[in-house]
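**Q** predicted model and sequence follow; I will ask about them next.
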Amino acid sequence: MKSKSLVFALVFLAFTGVAVKAQTEEGQSVVTLNLGYSLVGDLLTTALDAADEVNASSTPVFILGYDYGLSDKFSIGLSGTLQNMNADADDYTYTNLDNEEVVEDISLDLTRWQMAITPRFHYGQGGNLDMYSGLRIGITGWSTDIQSTDPDINDVVDLTSGRFSLGLTAFGVRYYFSELIGANMELNLGAPYIFSGGINLKF
């Protein structure tokens, strides 16, 4: 029993670290894996669901980020995001160019992605906390997969492959449970998400 208690105590200390240093340091790397909420995904699926016989859904925004400490106040990083939205409709009817009525099942699959550089300013550091604000400067694009013979649908979802994107991280915070592992959340303005939360690994 004593040996089990000792192992438990060591594991507890490893994950709670009494004197964790949370501040950003020169040369420090942080990897984050987050899920985000997208207003665009919500609005698009709501609009599609409003149509008769259409079922639409979207995933959260999946976010993978890397942050490198330039000093105790500034860091620079990279961020990649993906979000999928899809819609299906049974017995969709349209009239083709030969004036014939066509009935078919259709499906639409949209994927929005972003690659961005993320400069950040860190402040209010103390204890296990690391707070920051910053920018997301990159490219946002869409890819589409449409299963329909209706040319009007293809024209509607003919999205550009990529465009310049600028977003603001109004507030972000990381809380470290140990020297290595922590949790984080962000509030953002601009694409591709407005709120996110997840885990981070510092090394």
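**A** Perfect, I can see it now.
**Q** just to check, residue 120 is in contact with residue 132?
**A** Yes: counting by C-beta atoms under 8 Å, residue 120 does reach residue 132; the two are 4.7 Å apart. Heads up, the C-betas are built off the backbone N, CA and C, glycines and all.
**Q** low pLDDT regions in this protein?
**A** Along the chain, segments meeting pLDDT under 70 span 1-24, 48-53, 125, 151-161.
**Q** where along it do the helices fall?
**A** 2-16, 39-50, 151-156 (DSSP state H).
**Q** returning to what we had before: shared neighbours of residue 120 and residue 132, anything?
**A** 75, 169, 172 (C-beta atoms under 8 Å, 6 or more residues apart in numbering).
**Q** in this protein, which strand is the longest?
**A** Assignment by DSSP state E gives strand 74-95 as the longest strand of the chain.
**Q** what residues of it count as buried?
**A** 74-75, 77, 79, 81-89, 92, 94 (16 or more other C-beta atoms under 10 Å).
**Q** which pair in the residues you listed has the greatest spatial separation?
**A** Taking C-beta to C-beta as the measure, these span a maximum distance of 55.3 Å, between 74 and 94.
**Q** residues in contact with residue 185?
**A** Contacts of residue 185 by C-beta under 8 Å, 6+ apart are 172, 173, 195, 196, 197.
**Q** ok, of these, which come out buried?
**A** 172, 173, 196.
**Q** which one of the residues you listed is nearest to residue 109?
**A** residue 196 (23.1 Å).
**Q** does that closest one really touch residue 188, like I thought?
**A** Yes: the criterion here is C-beta under 8 Å, and residue 196 meets it with residue 188 at 7.3 Å.
**Q** just how off-centre is the longest strand of the chain within its chain?
**A** From the chain centre to the centre of strand 74-95 is a distance of 12 Å (C-alpha atoms, centre = their mean, to the nearest Å).
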